[in-house]
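Asks: sequence plus predicted model, see below.
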Amino acid sequence: MENLQGKTAVVTGGASGIGRASALALAQRGVNLVVADIDEAGALAVAHEITQAGGQAVGVKCDVGQDRAFEELKALVLARFGGVAIVMNNVGVLTRGLPEQIPLEEWQRILNLNLLSVVRSNLAFLPLLLAQGEGHIVNTASFAGLFTYSFDRAPYAAAKAAIIQISEGLALYLRPKGIGVTVLCPGPVKTNIMSTLRSFGPPTDTRGPGAMFRLMEADEVGEQVVEAIVSNRFMLPTDEAVRELLVRRARDWDGFIEEQIVNPQIIVPAAKLT
Ligand SMILES: NC(=O)c1ccc[n+]([C@@H]2O[C@H](COP(=O)([O-])OP(=O)(O)OC[C@H]3O[C@@H](n4cnc5c(N)ncnc54)[C@H](O)[C@@H]3O)[C@@H](O)[C@H]2O)c1
């Protein structure tokens, strides 16, 4: 979608971090924004920031875990802006614990918020985008969905891997119909995501994707998202170095696993968490 001026975007999880940065970056290109978040005050604050800068935006309380959430968002965006071109499904929450200790209810919560939210979004917004034959979907996944670097975040990683698969299918289906799809796979980004982390069982070493990946600012990612929409790019890792790592895994999957067992990328030792 080369010209963003005057288009409308819905961004979920838009009150903070990557969602907020993407909403602000889109608004700078003249996009009207619906900033949706469970944090109503945060969503209103981001919308206010946009309108103060001369843009068009509304903030709305929205819990993407609720079945009606995206139908309500659709009704709101149509009433306020008369259409929608860009849908960014960006909500993600973390959980931590050993595989034998994360309860089923926590699996259900994480899959509901991180994965089924994307399904709800598709059910609500796809008919609209298909009817207009134009639009762009951005689904936020993670490095955690591209490869496994820790064993204590399985529900999160599983949801993110599924988002990548769904997005790839959507790209096959929608590209020929004039609708772009981007799957955003961030590496480490400075946001508030750790503040909502739930933890089960004893502390475990916190592992990261690798020392070569620097902690990025959310604003940098917001700019990358805009660029991906404009250039109709599917795979958007925040750091291109991840491609090499994926090639290494594809060449020798067993070796890749062994490497991480022998030389894990520990960011915070468990001893420091107790
Ligand atoms: N920060 C990172 O290092 C990183 C890395 C990889 C992927 N991601 C992904 O990026 C996305 C954005 O995360 P972030 O890092 O900006 O985190 P963040 O916590 O700063 O922002 C997430 C936003 O989602 C909102 N939210 C949470 N539950 C919600 C719900 N049920 N309904 C609506 N809104 C809800 C929060 O209120 C918050 O504003 C997530 O999908 C996350 O998994 C982040």
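Replies: Looks like it arrived, so ask away.

Asks: moving C-terminal from the helix of greatest length in the chain, which element do we reach first?
Replies: Looking across the chain with DSSP state H, the single longest helix is helix 154-174. Where DSSP states H and E defines the elements, the next helix or strand beyond helix 154-174 is strand 179-185.

Asks: which other helices and strands contact that following strand?
Replies: Other helices and strands packing on strand 179-185, by 3 or more CB pairs under 8 Å, 6 or more residues apart in numbering; DSSP states H and E, are strand 135-140, helix 143-146, helix 154-174, helix 218-230, strand 235-237. Any C-beta I mention is one placed from the backbone N, CA and C, and that applies to glycine too.

Asks: around the ligand, which positions in the stretch 51-200 of the chain sit nearby?
Replies: 62-65, 90-93, 113, 140, 142, 186, 188-189, 191-193 (CB under 6 Å from any ligand atom).

Asks: now the buried members of those residues.
Replies: Neighbour counting over those (16 or more other CB atoms under 10 Å) leaves 62, 64-65, 90-93, 113, 140, 142, 186, 188-189, 191, 193 as the buried ones.

Asks: quick one: which of the residues of the stretch 51-200 of the chain next to the ligand sit in strands?
Replies: Mapping those onto strands (DSSP state E) picks out 140, 189.

Asks: give the contact list for L78.
Replies: For L78, the contacting residues are V84, by CB atoms under 8 Å, 6 or more residues apart in numbering.

Asks: tell me the pLDDT of it.
Replies: Predicted confidence (pLDDT) for L78: 98.

Asks: can you say which helix or strand has it in it?
Replies: helix 69-81.

Asks: got it, and E49?
Replies: Using DSSP H and E, E49 sits in helix 40-52.

Asks: so which elements touch that helix?
Replies: Where contact means 3+ CB pairs under 8 Å, 6+ apart, helix 40-52 is packed against helix 17-28, strand 32-37, strand 57-61.
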